[in-house]
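Asks: model the following, please.
(2 chains)
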Amino acid sequence: GAVVSQHPSWVICKSGTSVKIECRSLDFQATTMFWYRQFPKQSLMLMATSNEGSKATYEQGVEKDKFLINHASLTLSTLTVTSAHPEDSSFYICSARPGLGLAEEWNIQYFGAGTRLSVL
Amino acid sequence: LAKTTQPISMDSYEGQEVNITCSHNNIATNDYITWYQQFPSQGPRFIIQGYKTKVTNEVASLFIPADRKSSTLSLPRVSLSDTAVYYCLVGAPGDSNYQLIWGAGTKLIIKP
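Replies: Here you go, the predicted model:
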């Protein structure tokens, strides 16, 4: 159980185009989903927190107009990188948290496989 | 800032037991300790979580002393496939930052 699917796994695009990344929880409902960015040999950096039916909360320094997050259902969140540029090239990872209560097992994050974005 | 400190890297050999220690001197009363594993170009994977004493599952054990200021992830009889980065996180379920602040992790390299 607790499987999170993330697509695509790898995308190459031209500068100025937009790219959409999907994150789905396959066997549980995720009240909260998270989007991270990871540069080579570095740790995960939280970009935004997404709750179903409400606006995402962005971390300081993350442009909300550039990284559009939609959490339309309890099993799907999308990240759209708008007008991508080479500096947006990175590894993007989503996670989902059931969060049905305060019990610790419901607050474990389950991660997607990640999306490697290369902007030419 | 991450609330934990881990060694940057460790080496071991196949078949050995590997122990990775994490320091969390400022752990709060309600905080849990959680470990994740990450392979290159993949999302992290949950390994184990605990609050105090010892927790064991099918892949690892987690030892937490009485003062909870540190914890040790124990991987029994490692294989080459255990080469990965291991992250230790602390936090309380219900906190807005629970498991969201990631430190540098420990890069574990298993040699044949």
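
Asks: now do the contacts for the residue of chain B found nearest chain A.
Replies: Nearest residue of chain B to chain A: B:G43, at 3.2 Å (C-beta to the nearest C-beta). Backbone N, C-alpha and C define where each C-beta goes, glycine included. Neighbour list for B:G43: A:4, A:6, A:93-95, A:111-114 [criterion: C-beta atoms under 8 Å, 6 or more residues apart in numbering or on different chains].

Asks: out of these, which are buried?
Replies: Buried members of the contacts of B:G43, counted by 16 or more other C-beta atoms under 10 Å in any protein chain shown: A:4, A:6, A:93-95, A:111-114.

Asks: just put the residues you listed in JSON lines and tack on distance to chain B, pLDDT and secondary structure.
Replies: Converted to JSON lines, these look like this (distance: C-beta to the nearest C-beta, whole Å; pLDDT from 0 to 100; DSSP: H, G, I helix; E, B strand; the rest coil):
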{"residue": "A:V4", "distance to chain B": "8", "pLDDT": "95", "secondary structure": "strand"}
{"residue": "A:Q6", "distance to chain B": "7", "pLDDT": "98", "secondary structure": "strand"}
{"residue": "A:I93", "distance to chain B": "5", "pLDDT": "98", "secondary structure": "strand"}
{"residue": "A:C94", "distance to chain B": "8", "pLDDT": "97", "secondary structure": "strand"}
{"residue": "A:S95", "distance to chain B": "7", "pLDDT": "95", "secondary structure": "strand"}
{"residue": "A:F111", "distance to chain B": "3", "pLDDT": "96", "secondary structure": "strand"}
{"residue": "A:G112", "distance to chain B": "5", "pLDDT": "97", "secondary structure": "coil"}
{"residue": "A:A113", "distance to chain B": "5", "pLDDT": "97", "secondary structure": "coil"}
{"residue": "A:G114", "distance to chain B": "5", "pLDDT": "97", "secondary structure": "coil"}
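
Asks: just put these in TSV and tack on distance to A:A30.
Replies: Listed next are these as TSV, based on distance: C-beta to C-beta, whole Å:
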residue	distance to A:A30
A:V4	8
A:Q6	13
A:I93	14
A:C94	10
A:S95	9
A:F111	12
A:G112	11
A:A113	16
A:G114	17
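
Asks: which one of the residues you listed is nearest to B:I101?
Replies: Nearest to B:I101 among the buried ones among the contacts of B:G43: A:S95, at 13.5 Å, using C-beta to C-beta.
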